[in-house]
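In: let's see this in three dimensions:
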Amino acid sequence: MTNYAVDPDGLFKFDGFHQVMVSNGSKTIYIAGQVPFDKDMNFIGKGDYKAQAVQVFKNIAIAVQAAGATPNDVVSSVIYIKGLNSEAVQEVFKGMAIALDGEPFPAHAYNIVGVQSLADPDVLLEISAIAVTD
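Out: The predicted structure follows:
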């Protein structure tokens, strides 16, 4: 197994998240911050955290697959949320839960960071990721 999760007893646990990811892989893939644009530069989900999350996680899946990996190989990400609040986080989690054709994006270690703005005023969410594979 190239990557596996460790969720220590002394730390909280919840679905879709791991406290620690361990990798034995030899190929590291760095995914640039993905935003809710499709391949034709159509903006997806104006004003909608959930819709933007679905598109962003789809974009991450496309990026890792282009590098010879799968979403299961994502070990870490940083989720930047404009106007961070608990409702926005819940909407992002809802999007993450259905991002891959109705299936959840695989659980991994991630950080959530609130930001005042992102590169485009309509972008509510940007995610960078790291994947590791053999």
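In: could you give the number of residues near residue 133?
Out: 20 (other C-beta atoms under 10 Å). Every residue, glycine included, has its C-beta placed from N, CA and C.
In: pLDDT on the top helix by length along the chain, on average?
Out: If you go by DSSP state H, the chain has its longest helix at helix 49-66. Helix 49-66 carries an average pLDDT of 98.
In: equivalent analysis for stretch 118-134, please.
Out: 97.
In: that one: which residues count as buried?
Out: Buried residues in stretch 118-134, defined by neighbour count with 16 or more other C-beta atoms under 10 Å: 118, 123, 124, 125, 126, 127, 129, 130, 131, 132, 133.
In: can you check stretch 47-63 too?
Out: Those would be 48-61, 63, for stretch 47-63 by 16+ other C-beta under 10 Å.
In: now tell me what touches it from outside.
Out: Under the criterion C-beta atoms under 8 Å, 6 or more residues apart in numbering, residues 29, 31-32, 34-38, 44-45, 70-71, 74, 77, 81, 88, 91-96, 98-100, 105, 122-127, 129 lie in contact with stretch 47-63.
In: re the thing from before, helices or strands next to the helix or strand just after the longest helix of the chain in the packing?
Out: Counting by DSSP states H and E, the next helix or strand C-terminal to helix 49-66 is strand 74-82. Other elements packing on strand 74-82 under the criterion 3 or more C-beta pairs under 8 Å, 6 or more residues apart in numbering; DSSP states H and E are strand 20-23, helix 49-66, helix 86-96, strand 109-115, strand 125-133.
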